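**Q** for reference, the sequence and a predicted model appear below.
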Amino acid sequence: MRTHRNITDEELHKLGAVRDWNEDIAKTLTVNSELLWVHNRRKKFTSLDQNDGRLVKRVNIIGFNNCDIKTDFGDYSLESGKNVHDACGCLRFCDCYGRLYLLNKQIQSAVLN
């Protein structure tokens, strides 16, 4: 799978997240678990602060549906963390242009269990 470069490893570290999506860890998450969401085309919005809440935000899981994670900001693939909708063409700030990142604390918790 191609590595996404809409955010640097250093930025992810500062935000408490990791680059690599892990489906097995994602499957252990529960409702109200927090994830990091980053706009796929974040680097194109040069007029905005790159940490603007429309480009980078924390989202919460509200449920699961088959192979998807439902959050308070859209639906994402459990397998990849990518949005499950085709791009709507808005090129703005809807969930169709984002992907999820797991948080360090979730990785650490999975390793301990």
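**A** Yep, it's here.
**Q** mean confidence score for the top helix by length along the chain?
**A** Criterion DSSP state H: the longest helix present in the chain is helix 104-112. For helix 104-112, the mean per-residue pLDDT is 80.
**Q** helices of the protein, residue ranges please.
**A** Going by DSSP H, the chain shows helices at 9-14, 23-28, 104-112.
**Q** what packs against the first one?
**A** The one in question is helix 9-14. On a contact count with 3 or more CB pairs under 8 Å, 6 or more residues apart in numbering; DSSP states H and E, helix 9-14 meets no helix or strand. Yep, even glycine has a C-beta here, placed from its N, CA and C like the rest.
**Q** which residues sit in contact with residue 49?
**A** Applying CB atoms under 8 Å, 6 or more residues apart in numbering to residue 49 gives no contacts.
**Q** ok, and the closest non-adjacent residue to the residue most central in space within the chain?
**A** Centroid-nearest residue in the chain: residue 100, 1.1 Å away (criterion: CA atoms, centre = their mean). Excluding its sequence neighbours, the residue lying closest to residue 100 (CB to CB, 6 or more residues apart in numbering) is residue 81, at 4.0 Å.
**Q** no further questions, thank you.
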